[in-house]
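how would this look folded up:
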Amino acid sequence: MARGINHPLDSHPEREADDAVNDRALVIGTDERRMHVRAYNHWVSLLHGRAYPAIEDLDPDSIIDFGAHSVLLDFSKGVDDPAIRFLGRALREETGLDTSITHVAQVPSRSLLSRLTDHYLQIIANRAPIGFEAEFVGTRGHNTLYRGILMPFSSNEDTIDFIYGVINWKELVDAETQARLEAEVEESRRTAPRSLAAAPVWADGPSAGFADPAPAMAEPEAPLVLDTPLANDASLADKLLLARESAAAARASDTRSRAALYRALARAYDFALAADDDAESYADLLEDAGLTVQARAPMTPAVKLVFGADYDKTRVTEFAAVLSHAKRVGVPQGGLDAFLDGAEGGIKGVVKAERDFRRPAPKPDMFAQIAAELRSRPPLAHVDIEVPANSEFVVLLARAGKQGLDIVARVEDSPLTERAVRKAAA
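Residues are numbered from 1 along each chain as shown. You can find the predicted model right below:
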């Protein structure tokens, strides 16, 4: 069972807050070596067919893998100021907090812990795990890259009253030191034998070795590389999780961040393309979500899987049109955000273009065709009578005479004239 804040540490004076915060998103993968992925897999292992894992099954202090990088929030008394029921050792040391911090409202605004707790309302809105990644200037004045995940837990299998978060981070050195290190790395790369293996620099984050077991054998040295997108052979469910992470970030900003929204749509599009290659897995995901594919709106289920079935219907329709347009014009995987950035009118322009394409061609003007046919017919007779101005066809009322028809009236009724013209061509 989850316990209260464990083992007090010596408190540190709060450092001056740094206003330089940059929520630039970083590409995040689903490599099993990454801490947030292992945390998510642990959450899934506790589901046991329920909507949310039971809080009784969670014991953060016993999780050697990532427990030190985690926090447990208690919403049982309300969502305005949740209580902190557990704070992992590594996270507490980095933040400089002691047992006097018992609620989220007490967390320093520029601390790493605040970067995690700032996202908890997304869980309430989405009712699903939320991943996030960004960077900011920490209390020590260093630029800090971080990524994390928040996962819902319940005490009654229905209500989200606990949230468990795991976060990993990395502090960057100053520009001068970074330049020197890069020069040394480049020199080593130039002189060292070419390596056949490469591992992301974020494979286990800056705290690798704190909790993770030592590898069975040494890995070959490899050049440092920035994090890479999902591999093409990643499962469809992994790609859906990645797309949902970006969609949640866009929803949290109420889609006011164009970059966040474009990134979310790009990952949704990549997921939709992957679904074409894995129809069986896609069908399983749709069945689990209670969604069906309709021929007139093939991308709508994919959008709902990513953004949520309860997402605004107008936005779902627009996003589905964007994905359909991208597929129709051949936007490659990983290229939708750049495509939208260069599209005239952005999302609205793409939606208009797709709707114009789908709009059925206007039906031919049957009256014009009938009129043209009547013009070419030879007259049956000629009546010397005054014709109304601008009237090509006129309805005359006649009675049978001793030798033919006797015209008795001219009917000036446009609808009647049009019906008579259409009837004449029948």
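
need the pLDDT of the nearest residue to Arg258 once chain neighbours are set aside.
Counting by Cβ to Cβ, 6 or more residues apart in numbering, Arg258 lies nearest to Gly346, which is 7.3 Å off, once chain neighbours are set aside. Where you see a C-beta, it was placed from the backbone N, CA and C, and this is true even at glycine. On the pLDDT scale, Gly346 is placed at 88.

can you check Ala222 too?
The per-residue pLDDT reported for Ala222 equals 32.

and the closest residue to Phe162 other than its chain neighbours, what does it touch?
Distances taken as Cβ to Cβ, 6+ apart place Phe153 nearest to Phe162, at 4.0 Å, with adjacent residues excluded. Residues counted as contacts of Phe153 (Cβ atoms under 8 Å, 6 or more residues apart in numbering) are 52-55, 58, 160-164.

just the residues you listed now: which is nearest Leu121?
The shortest approach to Leu121 among these belongs to Ile163, at 9.8 Å (Cβ to Cβ).

check which helix or strand that closest one maps to.
strand 162-171 (DSSP states H and E).

just the buried positions in that strand, please.
For strand 162-171, a neighbour-count test (16 or more other Cβ atoms under 10 Å) marks 162-170 as buried.

OK, contacts around the residue positioned nearest the centre of the chain?
In the chain, the centroid-proximal residue (Cα atoms, centre = their mean) is Ala247; its distance is 2.5 Å. If you count contacts by Cβ under 8 Å, 6+ apart, Ala247 has them with 264, 267-268, 306-308.

now the buried members of the residues you listed.
264, 267-268, 306-308.

assumed Glu133 was part of a strand.
Yes. Per DSSP: H, G, I helix; E, B strand; the rest coil, Glu133 lies within a strand segment.

for it, grab the count of nearby residues.
Glu133: 23 surrounding residues under other Cβ atoms under 10 Å.

ok, what's across the strand from the nearest residue to it once chain neighbours are set aside?
Spatial nearest neighbour of Glu133, excluding adjacent residues (Cβ to Cβ, 6+ apart): Arg147 at 3.8 Å. According to DSSP bridges, the residues that bridge with Arg147 are Glu133, Asn168.

redo the contacts of Ala247 as CSV? Include distance to Arg328, pLDDT and secondary structure.
Shown next, in CSV, are those (distance: Cβ to Cβ, whole Å; pLDDT from 0 to 100; DSSP: H, G, I helix; E, B strand; the rest coil):
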residue, distance to Arg328, pLDDT, secondary structure
Ala264, 20, 87, helix
Arg267, 19, 90, helix
Ala268, 16, 91, helix
Val306, 19, 89, helix
Phe307, 21, 87, helix
Gly308, 25, 85, coil
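
so which of those residues is the closest to Met299?
For these, the closest approach to Met299 (Cβ to Cβ) belongs to Ala268, at 8.7 Å.

wait, that closest one touches Leu323, no?
Yes. Applying Cβ atoms under 8 Å as the test, Ala268 and Leu323 come out as touching, 6.5 Å apart.

shared neighbours of the two, which are they?
Common neighbours of Ala268 and Leu323 are listed as 302-303 (criterion: Cβ under 8 Å, 6+ apart).

where do the helices sit along the stretch 301-426 of the chain?
With DSSP state H, counting those that start in this stretch as the criterion, the stretch 301-426 of the chain has helices at 313-329, 336-342, 346-358, 366-376, 414-424.

for the stretch 101-250 of the chain, same thing?
Taking DSSP H, counting those that start in this stretch to define them, one finds helices in the stretch 101-250 of the chain at 112-117, 120-126, 175-191, 236-252.

lowest average pLDDT across those helices?
helix 175-191 - the lowest mean pLDDT of the helices of the stretch 101-250 of the chain, at a mean of 65.
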